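Novice: I'd like to go over a predicted model; first the sequence, then the structure.
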Amino acid sequence: MCFSATASFTAGAGLLLVGGIALVKAKTAPQYVLACIPILFAVQQVMEGLLWLALSHAAYARWTDLAMYLFLTFAQTVWPILVPLSMLLFEKDPLRKKILIGLLGTGVLAALYLGYSLLSFKASARIEEHHIRYSLEFPFQGRLLRGIPYMLATAISPFFSSNKWLRLLGWALVLSYVFTAIIYTNYLTSVWCFFGSILSMLILFIIVKLNSENLKPIAIP
């Protein structure tokens, strides 16, 4: 698989198109929030495309820090809040709603810690074997300690939705994470965000399915 500035910019353009269509198709407030996810992923991918250019061409080097920190802000602070929030807005079951509120709280805490660390500790990025490797010199470097709250919020929260289509998104995120963690261990931040952005195209499918189910006639006994 080829990761490059071209791949990031192409993904960004595709996601912007998909997100725009999803916004047009959306009919409820929760659907509008969900439809924003591909658009935000588009911005994130454009930032990584710019980072590719900054790291590989001296003419763009002045954009390195801006592109890197904007990309990492999305990766570290936006997704652990937005994903569980979007699941919560759809939920009507009281028990599932309480669980999702707890996961949203976990995501907020993870985002606060990661955001503080981005502001307070050194981060860097470099191109290595056709990937961007991010080095984050944060406290509590153990991946499990940092990763579990993040994963609970971003990848596990869809499984607590009562909607089967939203749970499908959860399966896609978890399977892509496992694949990335095994194959691209040293480039997890970059590669999983890339896969996550592509998978967010599922959101258009989910919105269409949700609306088609709502339009089905109610059977008269």
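Specialist: On my side now, so go ahead.
Novice: what are the buried residues along the one helix or strand residue 114 maps to?
Specialist: Here residue 114 sits within helix 94-120, counting by DSSP states H and E. Neighbour-count burial for helix 94-120 flags 96-97, 99-100, 103-104, 106-108, 110-111, 113-114, 117-118 (criterion: 16 or more other CB atoms under 10 Å). To be clear about C-beta, it is placed using only N, CA and C from the backbone, and glycine gets the same treatment.
Novice: show me what that helix is packed against.
Specialist: Under the contact definition 3 or more CB pairs under 8 Å, 6 or more residues apart in numbering; DSSP states H and E, helix 94-120 sits against helix 64-73, helix 79-90, helix 143-151.
Novice: list the buried residues for the second one?
Specialist: Judged by neighbour count (16+ other CB under 10 Å), helix 79-90 contains these buried residues: 79, 80, 81, 82, 83, 84, 85, 86, 87, 88, 90.
Novice: one step back: now, among the buried residues of helix 94-120, which is nearest to residue 201?
Specialist: For the buried residues of helix 94-120, the minimum distance to residue 201 (CB to CB) is 22.2 Å, reached by residue 107.
Novice: angle of the helix or strand containing residue 210 against helix 79-90?
Specialist: Following DSSP H and E, one finds residue 210 within helix 202-214. For helix 202-214 against helix 79-90, the angle by axes from the mean of the first three to the mean of the last three CA atoms, to 10 degrees is 10 degrees.
Novice: next one: helix 202-214 to chain centre, how far?
Specialist: Here helix 202-214 is found 19 Å from its chain centre; the criterion is CA atoms, centre = their mean, to the nearest Å.
Novice: got it, and stretch 162-180?
Specialist: 12 Å.
Novice: what's in contact with it?
Specialist: 87, 90-93, 96, 151, 154-159, 161, 188, 191-192, 195-196, 199, 202-203, 205-206, 209-210 (CB atoms under 8 Å, 6 or more residues apart in numbering).
Novice: restricted to buried residues, select the residues you listed in PyMOL.
Specialist: Buried residues within the contacts of stretch 162-180, by 16+ other CB under 10 Å, are selected in PyMOL with:
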select buried, resi 87+90+91+96+151+154+155+156+157+158+159+161+188+191+192+195+196+199+202+203+206+210
